[in-house]
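Q: got a sequence here, can you model it:
(2 chains)
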Amino acid sequence: MSKLLAKIPVWTQAGMKYAAPRAQTFWKYAKVELRPPTPGEISQAIPLAQKGINNLVTGKVTNLTVKQAWQNTLVVTEVLMWFFVGEIIGRRSLIGYKV
Amino acid sequence: MATPVKVSPLIKTARYALLGLGIMYGYKHNETLKVRRAKERVIEIEAKDEYLRQKKEADDKARIEFERDSILFQKTPPKE
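A: Residues are numbered from 1 along each chain as shown, chains lettered A, B, ... in the order given. This next block holds a predicted model:
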């Protein structure tokens, strides 16, 4: 048992050595891609959204290639999934409402 | 590996706005469900107690009948 306890610092060391470079690469991408929007970016988003709705209404969406349309669908789906992640956080339970 | 992608501001705002909306919706829905379940729980406990009471009544009646008619419980044979 004492040998097992003596192994624990060795394991944590190995774990840190394994995780450190991977955490670094994750942080390198997350800093750019997952950063919340600055207020300047929020103000940029509204005209972009209007342009998008305009494209939808006037029918310029049909000029997209199928590949582009599929990529846009995937992006929209990913953005919508953030709502459900927020719901999980808000109800404080992973699977269902705990009432 | 590849350089990090510069994400469009529309996507960024939409993501975090939906995250915030989701958190608020999850919290609100949780609260409404708690109230609803409390009411349902009262009714369920009442129904369970009612069922157990009726079952006990029926069992007692059956037991008394059985003891009255069965030969195992008589001290003198019943007058038929």
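Q: let me know the pLDDT of the residue nearest the centre of chain B.
A: The residue lying closest to the centre of chain B (CA atoms, centre = their mean) is B:R41, at 6.4 Å. You'll see B:R41 listed with a pLDDT of 96.
Q: how far away is it from chain A?
A: 9 Å (CB to the nearest CB, to the nearest Å). C-beta here means a position set from N, CA and C on the backbone, and glycine is covered the same way.
Q: burial check on A:G86, number of neighbours?
A: 23 (other CB atoms under 10 Å in any protein chain shown).
Q: now the helix or strand where it lies: buried residues?
A: Element membership of A:G86 [criterion: DSSP states H and E] is helix A:66-91. For helix A:66-91, the neighbour count (16 or more other CB atoms under 10 Å in any protein chain shown) marks A:V79, A:W82, A:F83, A:G86, A:E87, A:G90, A:R91 as buried.
Q: and the residues you listed, which is closest to A:T73?
A: Closest approach to A:T73 among these (CB to CB): A:V79, at 10.9 Å.
Q: how far away is that closest one from chain B?
A: Counting by CB to the nearest CB, the gap from A:V79 to chain B is 5 Å.
Q: list the contacts of that residue.
A: If a contact means CB atoms under 8 Å, 6 or more residues apart in numbering or on different chains, then A:V79 has B:I11, B:A14, B:R15, B:L18 as its contacts.
Q: quick check, nearest of those to A:K31?
A: B:R15 (15.5 Å).
Q: whichever strand or helix holds B:K55 to helix A:66-91, inter-axis angle?
A: Applying DSSP H and E as the criterion places B:K55 in helix B:9-69. Inter-element angle recorded for helix B:9-69 and helix A:66-91: 50 degrees (by axes from the mean of the first three to the mean of the last three CA atoms, to 10 degrees).
Q: tell me which residue lies nearest the centroid of chain A.
A: Short answer for chain A (CA atoms, centre = their mean): A:L34, at 6.1 Å.
Q: for that one, give its distance to B:L19.
A: Shown here: A:L34 relative to B:L19, a distance of 11 Å by CB to CB, to the nearest Å.
Q: got phi/psi on B:I71?
A: Note on B:I71: its backbone torsions stand at phi -80, psi -20 [degrees, to the nearest 10].
Q: next, B:P4: secondary structure please.
A: coil (DSSP: H, G, I helix; E, B strand; the rest coil).
Q: for it, give me its contacts.
A: So B:P4 contacts A:K28, A:Y29, A:K31, A:V32, A:E33 (CB under 8 Å, 6+ apart).
Q: now the spatially closest residue to the third one that is not a sequence neighbour: how far from A:W82?
A: In space, not counting the residues next to it along the chain, A:K31 is nearest to B:P4; the distance is 7.5 Å by CB to CB, 6 or more residues apart in numbering or on different chains. Here the criterion is CB to CB. By it, B:P4 lies 19 Å from A:W82.
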